[in-house]
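Participant: Next comes the sequence, and after it the predicted model I'd like to discuss.
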Amino acid sequence: MRKRVFIISFIGIFVVVAGIIGIIVSDNSHKIPYYNSSTNHIILSDKINKLSSNQQKEEMFTLARNALKTKTDKNQSIDWSNFDDDSLYVEKLKRPHVYLLGYTIQSRKPLILNIRYNLVVKIGVNNSRAKSDQIQVVNMEMSIVK
């Protein structure tokens with residue numbers, strides 16, 4: 001009888017601990033790396049990937065797209081389905097909550113062009129699922145890439 005109670009108690013404790021660990025891991029998967037840091041860090045480039053998962057990488061592309069839409073399409077007249085994500089460079093700048101997003105998109109019609117946007121953004125939450133109203137574009141530069 002005591003052995004049975006011990007085994008059931010052990011399984012119960014194990015399930016609770018596993019649940020807590022699962023919550024901690026899943027909660028951190030949306031955190032933006034180095035959010036409160038005051039030093040430069042390259043987070044994502046062609047050679048470096050400090051993101052925790054492919055899901056977080058997709059969320060960073062969405063964050064860059066939302067920042068671009070916020071800055072360029074105030075009256076929502078651009079057909080964004082005409083553009084595909086091409087590449088993304090993410091660097092944490094020295095100021096807390098401020099990032100450089102080098103976001104390249106490719107247009108599909110009428111001309112196929114690669115357009116590079118360098119966006120300096122201040123993000124209002126420590127979350128890669130930041131909404132447009134939580135992203136402030138501090139500076140933006142655009143160039144056509146060959």
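Facilitator: Structure received. Numbers count the residues shown, from 1 in each chain.
Participant: and the residue positioned nearest the centre of the chain, which of the three is it?
Facilitator: Among the residues of the chain, the one closest to the centroid is residue 60, at 2.4 Å (C-alpha atoms, centre = their mean). Of the three states, residue 60 takes helix under DSSP: H, G, I helix; E, B strand; the rest coil.
Participant: Roughly how far does it sit from residue 2?
Facilitator: Remark: distance between residue 60 and residue 2 (C-beta to C-beta, to the nearest Å) = 53 Å. All C-beta spots, glycine's among them, are computed from the backbone N, C-alpha and C.
Participant: Could you do residue 55 as well?
Facilitator: 45 Å.
Participant: Show me which of these two is the more surrounded one.
Facilitator: residue 55 (12 against 6; other C-beta atoms under 10 Å).
Participant: roughly how far apart are residue 129 and residue 93?
Facilitator: 21 Å.
Participant: picking that back up, might you report the residue contacts of the residue nearest to the centre of the chain?
Facilitator: Counting by C-beta atoms under 8 Å, 6 or more residues apart in numbering, residue 60 touches 32, 44, 51, 88, 90, 128.
Participant: Give me the residues contacting stretch 116-127.
Facilitator: Residues contacting stretch 116-127 (C-beta under 8 Å, 6+ apart): 30-32, 35-36, 63-64, 67-68, 71, 93, 95, 97-105, 130, 133-145.
Participant: quick one on the thing from earlier: and residue 129 and residue 93? which has more neighbours close in?
Facilitator: Neighbours were tallied for residue 129 and for residue 93 using other C-beta under 10 Å; the higher tally belongs to residue 93 (19 against 13).
Participant: returning to what we had before: show me the contacts of residue 60 that map onto strands.
Facilitator: 44, 88, 90 (DSSP state E).
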